[in-house]
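A.B. asks: what shape does this take:
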Amino acid sequence: MATQIPDDFKCPISLEIMSDPVILSSGHTFDRWSIQRWLDSGHRTCPITKLPLPEHPSLIPNHALRSLISNYTLVSPRKPQPHPDPQTLIATLTSPSSPFHSKLDSLDQLNQFSKRNPVFRRRLSESGAVSAVLNCVGSEDSRLQEKALSLLLNLSLDDDNKVGLVAEGAIGRIVAALHGRSPDCRAVAATMLTSLAVVEVNRATIGAYPYAIRALVSLLRDGKGREKKEAATALYAICSFPDNRRSAVECGAVPILIRIADSGLERAVEVLGLLAKCKEGREEMEKFIGFVKILVRVLRNGSSRGVQYALMTLNLLCSNGDRIFLETMNEGVFEICMGLVEDDNEKVRRNASSLVQTLQGKH
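C.D. replies: Alright, predicted model coming up:
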């Protein structure tokens with residue numbers, strides 16, 4: 001008879017038993033791999049309560065639950081799956097004589113064990129695996145490339161590895177993958193840049209890398225649904241570093257983001273909120289007739305996070321331009337803001353109050 005795994009031992013996102021449980025500021029516990037992927041995708045709400053999280057949420061190890069899970073797995077009749085030897089699997093990847101299917105199988109195993117096991121990820125990084133994996137990212141075969149990118153994404157779950165991956169030249173390979181033939185590879189490559197950009201020093205490095213921002217803007221313009229979303233998320237993470245905002249504007253990001261925002265992708269509004277903080281970004285936005293209407297639609301129908309960034313963008317534009325101010329007033333934004341100052345979300349209230357002050361000051 002199979003042993004029933006207690007529900008409290010399962011991650012609410014993956015529904016699998018947790019190997020590295022961490023507590024979010026909302027008080028709920030998740031497996032580190034699952035919640036980190038959620039955060040790296042740009043979400044800033046608790047997956048369970050949907051309440052807002054800080055811009056840089058902290059993940060606190062749940063040692064008590066981890067101990068309980070460990071004790072449970074010790075007495076459970078399930079036979080634990082042994083870890084493969086990283087060196088053996090890496091040797092398969094690097095050997096010119098290894099059959100193609102063996103390389104795919106090695107990457108599958110490495111992905112499986114690195115996904116939720118921080119100890120294995122550390123062993124893998126220390127074994128010199130990154131160079132071999134990066135070579136696979138440069139493969140012309142999309143299957144090998146996608147599995148290698150997924151493995152890099154797993155390794156980047158640990159902040160120490162994020163810096164180490166950049167030091168080993170990961171950015172170049174990832175940027176090249178953004179131009180690849182496979183939509184899935186392009187999407188994972190964009191997600192990988194988002195993960196690396198969680199560390200502030202990497203944002204500057206990515207922004208300074210030739211064609212990195214331009215490649216994301218191209219993916220934003222030409223990609224399909226998932227690619228566009230991942231590219232917008234990566235741009236948001238990278239443009240959190242102020243010096244990268246002008247580069248994004250120079251690469252033509254603003255009109256593309258406005259069109260995508262008009263189609264309903266709120267992540268584009270978040271990026272526009274960051275780009276509006278630089279003079280060049282505001283100038284591009286002011287050229288786009290109908291942009292205020294798009295932002296007003298977000299104010300009326302968007303999520304709390306979308307409303308927050310729409311308010312921020314309007315505030316920056318109205319503070320620096322009379323035409324946008326007049327259009328904003330004509331669209332009834334002042335009345336909308338008066339309702340939003342009583343919103344349940346603290347960031348929405350704060351941004352609404354700030355825009356009200358700006359509009360009153362210029363009226």
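
A.B. asks: what's the weakest-modelled helix or strand in the chain?
C.D. replies: Least confident helix or strand, the chain: helix 63-75 with a mean of 73, by mean pLDDT, DSSP states H and E.

A.B. asks: mean confidence for the following helix or strand past it?
C.D. replies: On the C-terminal side of helix 63-75, the closest following helix or strand by DSSP states H and E is helix 86-94. For helix 86-94, the mean pLDDT works out to 86.

A.B. asks: please apply the same query to stretch 99-108.
C.D. replies: Mean predicted lDDT for stretch 99-108 stands at 91.

A.B. asks: how about the CA coordinates for that stretch, as CSV?
C.D. replies: Extracted in CSV, the C-alpha atoms of stretch 99-108 (Å, rounded to 0.1, in the frame of the first residue of the first chain):
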residue,chain,number,x,y,z
PRO,A,99,26.1,9.5,-29.5
PHE,A,100,23.7,12.4,-29.8
HIS,A,101,21.0,10.5,-27.9
SER,A,102,23.5,10.0,-25.0
LYS,A,103,24.1,13.7,-24.8
LEU,A,104,20.3,14.4,-24.6
ASP,A,105,20.0,11.7,-21.9
SER,A,106,22.8,13.2,-19.9
LEU,A,107,21.2,16.7,-20.0
ASP,A,108,17.9,15.2,-19.0
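
A.B. asks: and it, how far out from the chain's middle?
C.D. replies: Its chain's average C-alpha position is 28 Å from that of stretch 99-108, according to CA atoms, centre = their mean, to the nearest Å.

A.B. asks: would you mark the buried spots in that stretch?
C.D. replies: Going by neighbour count (16 or more other CB atoms under 10 Å), the buried part of stretch 99-108 is K103, L104, S106, L107. (C-beta placed from N, C-alpha, C; glycine too.)

A.B. asks: what sits up against it?
C.D. replies: With CB atoms under 8 Å, 6 or more residues apart in numbering as the test, stretch 99-108 has contacts from 89-90, 92-93, 98, 133, 136, 141, 143-144, 147-148, 150-151.

A.B. asks: tell me how far L340 lies from G264.
C.D. replies: Between L340 and G264 the distance, using CB to CB, to the nearest Å, works out to 20 Å.

A.B. asks: hmm, I was thinking of L193
C.D. replies: 23 Å.

A.B. asks: for the chain, what spans make up the strands?
C.D. replies: 21-23, 29-31, 60-61 (DSSP state E).

A.B. asks: I'd like to know which of those is closest to L124.
C.D. replies: strand 29-31 (18.3 Å; CB to CB).

A.B. asks: pull up the pairing partners for that closest one, direction included.
C.D. replies: Strand 29-31 sits in its sheet next to strand 21-23 (antiparallel), going by DSSP bridges.

A.B. asks: pull the residues that contact the strand it pairs with.
C.D. replies: Against strand 21-23 from outside (CB under 8 Å, 6+ apart): 11, 29-32, 35, 59-62, 65-66, 69.

A.B. asks: which of these are buried?
C.D. replies: C11, T29, F30, D31, R32, I35, L59, N62, L65, R66, I69.

A.B. asks: pull up the distance across stretch 120-138, start to finish.
C.D. replies: 24 Å (CA to CA, to the nearest Å).

A.B. asks: list the buried residues for it?
C.D. replies: F120, R121, R123, L124, S125, A129, V130, A132, V133, L134, C136, V137.
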